[in-house]
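1. just the structure for this:
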Amino acid sequence: MKRLLLNTNSIYKFVFFLKNMELVINSYGAFLQKSGDCFKVKIEDKTSEISCQKVSAILISTSAVITTDAIKLAMNNNIDIVFIDEHGNPFARIWYPKLGSTSLIRRKQLEISESDAGCRLALEWVMNKFNNQIELLKQLRQTRPHRSAEITSAIEQLQSIASELVKLSGNINEVRNEILGIEGTGARVYFDIISRLLPERFQFQGRSRNPAKDPFNALLNYAYGILYSRVEKACIIAGLDPYLGFLHSDNYNKKSLVFDLIENYRIWADQVVINLFAARKVKLEMFDKIPNGLTLNKEGKALLITEFNNFLDESIRYRGRNIQRKNIIQFDCHRLANKLIGKDDETK
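-> The predicted structure is shown next:
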């Protein structure tokens, strides 16, 4: 999915895409309104109009004004509006209010959330995360033969840690802490080797979230934020309740299922961010200092959004078909919804 990124310096420099385009408004004081069947964006003394047929989503990441007519145009064309914070995490969303699927899906989701079946799903997703990390390290080992021994050591550690998952079964409430503990142990091994493979000045001490303590985590947090928004949207379209998860607990206003499902796709963000450092595209000027950490500035966001969306646009072989990565999340959410109501097709 391409994103049209609007800011004061680039409003006349963007490229139009005929379909699957996200409109990202990233400038303070931007004004979004309806103009016929178009969205009209005004930033200072510059304006541009974009046909609603070319827009799949609107993301607003800073102080902006949007009219009710623009909201109605978006809703009438099934375009969701997402408000994201400085770290790329969605904090609000405007979505068409009518449910597009049967409530049976959500009832079944609730039924298995604390059952053995729910536990099996949670274990499957965490195992996918481990396998993805191991495969990425194997790819990195091929291009870094001089670091082969230490990468191999990390791979073997991850394989050993992941093997503990197969010993677990039963009610998710009985094994949740064990799963999260195994996941946390694996994360420390994984990010330790990733740090050591980066240029020395960009190496980091473990994961830091909001705020990030270093450039790597600032980029990774923002990329994960992009994924959170996509997973939540895919859940809604498939008829799944984003707040009703299996592994992650149902805390107030916590999108537990989104946190569960994203484990399958975090590796995409990891790979893009690692490649940015490997290609020496990351500059210290792309980050702003904030209290207790760093945040991406407009230049950094533009780089990450462009690279990440190019990556998501690529087609890969998945479950016997060629499919763009950006569509895999929706594909998987529909498979999960169908499985919940007994329409699972294991051949897909």
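2. spatially central residue in this protein, please.
-> With distances taken as Cα atoms, centre = their mean, the residue of the chain nearest its centroid is residue 227 (1.0 Å).
3. after the helix or strand hosting residue 273, next one along is what?
-> Element membership of residue 273, judged by DSSP states H and E, is helix 266-278. Remark: after helix 266-278, the chain's next helix or strand is strand 287-290, criterion DSSP H and E.
4. against which helices or strands is the longest helix seen in the chain packed?
-> Criterion DSSP state H: the longest helix present in the chain is helix 116-143. Applying 3 or more Cβ pairs under 8 Å, 6 or more residues apart in numbering; DSSP states H and E, one finds that helix 116-143 contacts helix 148-162, helix 172-197, helix 256-261, helix 266-278. Where C-beta positions appear, they are placed from N, C-alpha and C, glycine not excepted.
5. show the average pLDDT along the helix or strand that comes right after the longest one.
-> Per DSSP H and E, the first helix or strand lying C-terminal to helix 172-197 is helix 215-238. When pLDDT is averaged over helix 215-238, the result is 92.
6. chain center to helix 215-238, what's the gap?
-> Helix 215-238 sits 2 Å away from the centroid of its parent chain (Cα atoms, centre = their mean, to the nearest Å).
7. hmm, back to that, and the helices and strands packed on helix 116-143, which is most packed in?
-> helix 256-261 (a mean of 22; mean count of other Cβ atoms under 10 Å).
8. which outside residues touch it?
-> Residues from elsewhere that reach helix 256-261 (Cβ atoms under 8 Å, 6 or more residues apart in numbering): 109, 121-122, 125, 228, 231-232, 234-235, 240-250, 329, 332-333, 336.
9. one more: stretch 56-64?
-> For stretch 56-64, with Cβ under 8 Å, 6+ apart as the criterion, the contacting residues are 1, 3, 19-32, 39, 66, 74, 79-86, 88, 229, 233, 301.
10. residues in contact with residue 207?
-> Taking Cβ under 8 Å, 6+ apart, one finds 187, 191, 217, 220 in contact with residue 207.
11. also residue 276?
-> Residue 276 touches 219, 282, 303-304, 307, counting by Cβ under 8 Å, 6+ apart.
12. likewise residue 69?
-> 33-34 are the contacts of residue 69 under Cβ under 8 Å, 6+ apart.
13. for residue 58, name its beta-bridge partners.
-> On the basis of DSSP bridges, residue 58 is bridged to residue 23, residue 81.
14. can you get me a residue count around it?
-> The number of residues packed near residue 58 is 25, by other Cβ atoms under 10 Å.
15. in this structure, what helix or strand scores lowest on average pLDDT?
-> When each helix and strand of the chain is scored by mean pLDDT, DSSP states H and E, strand 2-6 comes last, with a mean of 53.
16. I'd say residue 159 and residue 134 touch.
-> Yes. If you go by Cβ atoms under 8 Å, residue 159 and residue 134 touch, sitting 6.5 Å apart.
17. tell me which residue lies farthest from the centre of the protein.
-> Outermost in the chain, Cα atoms, centre = their mean: residue 45 at 33.7 Å.
18. if I look at it, how far off is residue 29?
-> Using Cβ to Cβ, to the nearest Å, residue 45 is found at 11 Å from residue 29.
19. equivalent analysis for residue 279, please.
-> 34 Å.
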